[in-house]
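Asker: Need coordinates for the following:
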Amino acid sequence: MLLWEALKPDALTAISQTHLCAGGSLEGCFSLVLAYDVPFIAFIGFFIALLYAGVLGIFYDSFPGSPVIKGEIIAAIVGLSFVLFGFVGLYFNYESAMAVTVFFLAWTAVFGYMLGKLYKRYTRLVSFESEDPESLRVSLDGREVTGRARTLSLTSTHSLKADVSEGSSFKEWVSSGGVSLEDSRSFETTFEVNGDGLVKGRAGRKY
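Answerer: Sure, this is the predicted structure:
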């Protein structure tokens, strides 16, 4: 919006060469563009960014690198989507195109950085292990996670289950770090995430 105001004479010239002002004044068309077209693009862009932020949350552990790198990857995907769907911005001459490009690249870099920092701030890494993977497999919220680490929301609560093989019996859960177990003696329990931590399942042979 500031770009259009700064380059208003060029913007008016560009508008006059389109069908936008059929039956209306240039000033009126200029005002309509600022009042409707620019906010509309920003509104759609916000929801595209929000959608991909949710995608990052779902597949966070699948992206390589540090939290910031993960954020930059998803920001690059958001930027590519903006380009493909034509939501990069409105421009009308070389100067405006360059300004939009520089702003867009800077916005993408900052968005990715902030996204990565926010995920790091509000999530914690929890590892899930089994003392004997052949006897016991660990399931988190219904998904098998033995020998893996998962990034979980801070203060979130999750279900934990030990899938014990035939001939074995569940003994206990052992936790360390910021993991609070509800019942370490139950093969199926819940835990709360208060920091990075480890959950290990222990099983023994039946007599």
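
Asker: where in the chain is pLDDT low?
Answerer: Applying pLDDT under 70 to the chain picks out residues 1-41, 86-97, 207.

Asker: now the strands: where do they sit in it?
Answerer: With strands called from DSSP state E, the chain shows them at 123-130, 136-140, 143-144, 148-153, 157-164, 168-181, 188-205.

Asker: Now distance to residue 44 and mean neighbour count too, for the ones you listed, in a markdown table please.
Answerer: Every residue, glycine included, has its C-beta placed from N, CA and C. Formatted as a markdown table, those follow (distance: least, C-beta to C-beta, whole Å; neighbours: other C-beta atoms under 10 Å):
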| stretch | distance to residue 44 | mean neighbour count |
| --- | --- | --- |
| strand 123-130 | 28 | 20 |
| strand 136-140 | 36 | 20 |
| strand 143-144 | 34 | 11 |
| strand 148-153 | 28 | 16 |
| strand 157-164 | 34 | 18 |
| strand 168-181 | 39 | 17 |
| strand 188-205 | 34 | 17 |
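
Asker: Columns distance to residue 60 on top of those, output as a markdown table?
Answerer: Below are those laid out as a markdown table (distance: least, C-beta to C-beta, whole Å):
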| stretch | distance to residue 60 |
| --- | --- |
| strand 123-130 | 7 |
| strand 136-140 | 14 |
| strand 143-144 | 14 |
| strand 148-153 | 5 |
| strand 157-164 | 15 |
| strand 168-181 | 18 |
| strand 188-205 | 14 |
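
Asker: Tell me which of those strands approaches residue 80 most closely.
Answerer: Smallest distance to residue 80 across the strands of the chain (C-beta to C-beta): 24.1 Å, for strand 148-153.
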